[in-house]
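Asks: Need a 3D model of the following:
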Amino acid sequence: MTTIDYSVWDHIEVSDDEDDTHPNIDTPSLFRWRHQARVERMEQFNKEREELEKSLAESKRKVAEVQRRMKELELSGTDDAKAELARLQSEEKQLRKEERECEKKVDSHRKEEKKMPWNVDTLSKEGFSKSVVNIKPDKSEETEEEKEQKHKTFVEKNEKQIKHFGMLRRWDDSQKYLSDNPHLVCEETANYLVIMCIDLEVEEKHALMEQVAHQTIVMQFILELAKSLKVDPRGCFRQFFTKIKTADQQYQDAFNDELEAFKERVRGRAKVRIEKALKEYEEEERQKRLGPGGLDPVEVYETLPEEMQKCFDDKDIQLLQDVISKMDPTVLPPVLLCPAPCPPLSCPLSSSVLPRSALCISETAGNCAVLGECCEG
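Replies: Presented below is the predicted three-dimensional model:
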């Protein structure tokens with residue numbers, strides 16, 4: 001009976017992930033460190049082999065150069081040539097000795113390499129490689145109107161589910177929810193979450209904004225991964241969660257840095273939106289206050305002299321007429337000068353501000369005709 005010699009398998013290094021580890025040990029990290037250490041040892045070993053082979057090649061080059069020079073000197077019969085030839089013969093012997101030593105080191109290194117146990121990185125070599133990836137042909141670029149309509153339709157159908165995803169906290173919960181609702185893994189979800197973050201910041205719900213911002217970056221990282229792999233994002237979101245849960249510190253730092261930068265951008269956008277809303281509100285209020293002539297009473301009031309402002313604050317008609325009568329018409333504020341005739345107005349003293357034409361000084365009469373008319377009744 002023919003026996004099978006299994007001794008060849010004695011020199012195969014067991015795969016890292018077949019080892020049993022203690023429950024308190026982070027198994028993925030341990031396997032990763034082991035593999036990294038083995039790869040570094042192999043790189044160092046290969047570097048030593050390259051240096052030995054380089055030294056051997058250099059020794060052979062020097063021997064060949066000396067032999068070439070010796071042949072040239074053999075053709076010359078001068079005494080100097082003979083002396084140089086003798087020196088080169090001695091040098092050749094030394095170089096030959098160095099060459100043999102290099103060859104021994106290379107042979108020793110190769111024998112040591114054969115004794116090394118096989119592992120997952122050296123057990124086999126790639127014969128040929130061919131990958132076929134199903135990539136959808138690029139569609140014609142959508143117009144802004146089409147993108148807007150697509151986003152609107154998607155949000156109308158899935159708004160509740162998107163908000164639910166935005167409120168999740170744990171990696172496992174997010175992965176399970178996307179597994180149950182893979183249609184959410186798309187650009188429209190990411191865009192809606194961005195808008196949702198800005199709305200929450202405007203409403204001063206800062207803690208909730210930061211939570212939704214975390215989920216926004218999760219979705220954006222998935223989309224970026226899909227773009228780099230050139231696959232549908234619905235087919236690679238599990239890879240993202242596997243990677244982020246076992247990632248090294250550098251990948252975690254990249255995720256956290258992007259999250260912090262995104263939250264700062266959200267705060268900036270919210271601030272701009274609030275300032276714009278305040279300006280629009282102030283403009284609406286200003287339009288409501290506009291009196292005859294289209295001027296803002298508040299602005300007019302602020303241009304009046306202090307003693308005249310006091311008249312309007314106290315709503316004292318007599319004092320106002322006295323102040324105007326005592327003022328030099330040539331130095332009256334421009335707001336008080338209006339070409340006659342002026343339209344009749346409601347009494348300006350019914351409020352604490354002054355419409356522009358209410359104190360209209362007639363160019364011909366030099367007195368406040370309108371003020372007298374509107375305040376009689």
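Asks: C-terminal to the helix or strand containing Glu84, what's the next element?
Replies: Glu84 is part of helix 79-115 when elements are defined by DSSP states H and E. Using DSSP H and E, the next helix or strand after helix 79-115 towards the C-terminus is helix 144-166.
Asks: Which other helices and strands does that following helix contact?
Replies: helix 171-180, helix 187-202, helix 206-229 (3 or more CB pairs under 8 Å, 6 or more residues apart in numbering; DSSP states H and E). All C-beta spots, glycine's among them, are computed from the backbone N, C-alpha and C.
Asks: Any idea which of those gets closest to Glu275?
Replies: Evaluated with CB to CB, these place helix 187-202 nearest to Glu275, the distance being 10.9 Å.
Asks: buried residues in that closest one?
Replies: By 16 or more other CB atoms under 10 Å, the buried positions in helix 187-202 come out as 188-194, 196-198, 200-202.
Asks: next one: stretch 83-90
Replies: Those would be Glu84, Leu85, Leu88, for stretch 83-90 by 16+ other CB under 10 Å.
Asks: go on, stretch 147-155?
Replies: Buried residues in stretch 147-155 (16+ other CB under 10 Å): His151, Phe154.
Asks: what does that stretch contact?
Replies: Glu142, Ile162, Cys186, Glu188, Thr189, Asn191, Tyr192 (CB atoms under 8 Å, 6 or more residues apart in numbering).
Asks: swap the cut-off to 7 Å and go again
Replies: Residues from elsewhere that reach stretch 147-155 (CB atoms under 7 Å, 6 or more residues apart in numbering): Glu188, Asn191, Tyr192.
Asks: Can you tell me how far the residue nearest the centre of the chain is from Glu224?
Replies: In the chain, the centroid-proximal residue (CA atoms, centre = their mean) is Glu258; its distance is 5.0 Å. Distance, Glu258 to Glu224, by CB to CB, to the nearest Å: 10 Å.
Asks: Also Ile217?
Replies: Counting by CB to CB - Ile217 and Glu224 are separated by 10 Å.
Asks: quick one on the thing from earlier: for the record, mean pLDDT for the helix holding Glu84?
Replies: For helix 79-115, the mean pLDDT works out to 86.
Asks: that's a strand at the residue nearest to the centre of the chain, yeah?
Replies: No: counting by DSSP: H, G, I helix; E, B strand; the rest coil, Glu258 is not found in a strand; it is helix.
Asks: can the helices and strands packed on helix 144-166 go into TSV with extra columns for mean pLDDT?
Replies: Converted to TSV, these look like this (pLDDT from 0 to 100):
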stretch	mean pLDDT
helix 171-180	90
helix 187-202	90
helix 206-229	90
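Asks: if we can go back for a sec, and which of the contacts of stretch 147-155 is nearest to Arg69?
Replies: Relative to Arg69, the closest of those is Asn191; by CB to CB it sits at 76.3 Å.
Asks: returning to that earlier point: which one is the residue nearest to the centre of the chain nearest to, not counting chain neighbours?
Replies: Ile217 (5.6 Å; CB to CB, 6 or more residues apart in numbering).
Asks: Tally up the residues packed near the one you found, please.
Replies: Other residues within reach of Ile217, judged by other CB atoms under 10 Å, total 19.
Asks: coming back round to it: need the helices and strands packed on helix 144-166 in JSON lines with distance to Asp314, can you?
Replies: Formatted as JSON lines, the helices and strands packed on helix 144-166 follow (distance: least, CB to CB, whole Å):
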{"stretch": "helix 171-180", "distance to Asp314": "66"}
{"stretch": "helix 187-202", "distance to Asp314": "41"}
{"stretch": "helix 206-229", "distance to Asp314": "46"}
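Asks: How about the contacts made by the closest residue to Arg96 other than its chain neighbours?
Replies: Spatially, and ignoring its direct neighbours in sequence, Arg96 is nearest to Val63 (6.3 Å; CB to CB, 6+ apart). Val63 makes contact with Glu92, Leu95, Arg96, Glu99, according to CB under 7 Å, 6+ apart.
Asks: likewise His164?
Replies: If you count contacts by CB under 7 Å, 6+ apart, His164 has none.
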